[in-house]
Every structure is written in structure tokens, then in C-alpha cells.
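Visitor: the sequence and its predicted three-dimensional model are supplied below.
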Amino acid sequence: MKRSDIAVYVEELVMPIIEEGNFELVDVEYVKEGANWYLRVYADKEGGINIDDCVTISRALEAKLDEKDVIEDAYILEVSSPGLGRQLKKDRDYKRSLGEEIEFKLYKARNKQKEFEGILKDFDEHTFTITLDGEDVVFDRKDVAMMRLAVHF
């Protein structure tokens, strides 16, 4: 199996586990960091996911992965919460975050600035509308390198 297909394949494998436990699948990634490959599954649920939930998902997914045995590389399986500063990547993430304060970075500067913080007001297939300092500003989705919920301590 090609490495680029592994995250998609694992998402299909984990969905029945996610649905059975009334969880939400936030993301699946298969990445190499240093000498190690990591298969990461980020899940959530209403009220927040806990360690026991992560263990349940991990054990069930591990059994399916061992049975199918299609990932050629040695890898480390991690199942966790997406965290407070979760990245927003999919339309369902944007929809859930409408009206929330977000941070985002652009690939290239706009008015000599690459990093912004504002309120996610709206989005469509091609754009994001962000309220910055009381003014609605439209950004092309293709120009946004990263977006996540803002976290203030």
C-alpha cells in the first residue's frame, strides 16, 4: 500500500469503532518524524474524550490493523484528543468553529503580515470570512497554510 493511501485506509478501518462508541473522528495522519513512522488518530466526543476512550479505540484499531497487515513500515500507533489548539482542516471543523476565535497563517504575507487572529464568521468552497478588528475580511482558502482555534491562558 502506498504511504499516501494509508491515512485514508485507516480512516475507513476506524470509522465503525468511532461510530460504535459515539465518538467523532477528527483526523488521521501517517507521518515520519525522525527515524519513526507515526499513525495518529485524533478523536473527540461530546464533553471531551478521555484516556479510557483512547485506549478503547486504540485496542480495537490495533486488532484490525494486525488482522489486515497492509502497512509495510514499522509504526507507532497513537490515539488521542485533538487538543485545545486543534487544527481546523475540514468543513465540519469550520462549521463547528463558526463564531469562535481562531488563529491562522498564510503561505505568503498579506499587507506585510502572515499570522492573524480573528473570529471565523463564514466559509465556502473557496474562501474564509474572518472578522479582524471589527471588519470582515475575506481570505482565499488556498492561501491559508494553517488554521486552529485560538487558545488563551
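Guide: Yes, it's here. Numbers count the residues shown, from 1 in each chain.

Visitor: what does the helix or strand bottoming out on mean pLDDT in the chain contact?
Guide: When the helices and strands of the chain are scored by mean pLDDT, DSSP states H and E, helix 91-96 comes last with a mean of 89. Here helix 91-96 makes contact (Cβ atoms under 8 Å, 6 or more residues apart in numbering) with 26, 86-88, 120, 123, 128. Backbone N, C-alpha and C define where each C-beta goes, glycine included.

Visitor: how many other residues sit next to the nearest residue to M15 once chain neighbours are set aside?
Guide: Using Cβ to Cβ, 6 or more residues apart in numbering and skipping residues adjacent in sequence, the residue nearest M15 is L25, 6.5 Å away. Look at L25: counted by other Cβ atoms under 10 Å, it has 17 neighbours.

Visitor: what are the buried residues along stretch 109-122?
Guide: Under the neighbour-count criterion of 16 or more other Cβ atoms under 10 Å, stretch 109-122 has 116, 118-120 buried.

Visitor: Serialize the residues you listed to a markdown table and add fields for pLDDT and secondary structure.
Guide: Output for those, formatted as a markdown table (pLDDT from 0 to 100; DSSP: H, G, I helix; E, B strand; the rest coil):
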| residue | pLDDT | secondary structure |
| --- | --- | --- |
| F116 | 96 | strand |
| G118 | 96 | strand |
| I119 | 97 | strand |
| L120 | 97 | strand |
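
Visitor: circling back: return the member of the contacts of helix 91-96 nearest to K45.
Guide: Here the nearest of the contacts of helix 91-96 to K45, counting by Cβ to Cβ, is V26; it sits at 10.3 Å.

Visitor: which secondary structure element is home to the closest one?
Guide: V26 is located in strand 24-33, with elements delineated by DSSP states H and E.

Visitor: what about that strand, average pLDDT?
Guide: Computed over strand 24-33, the mean pLDDT rounds to 92.

Visitor: pull up the pairing partners for that strand, direction included.
Guide: When pairing is defined by DSSP bridges, strand 24-33 lines up against strand 36-44 (antiparallel).
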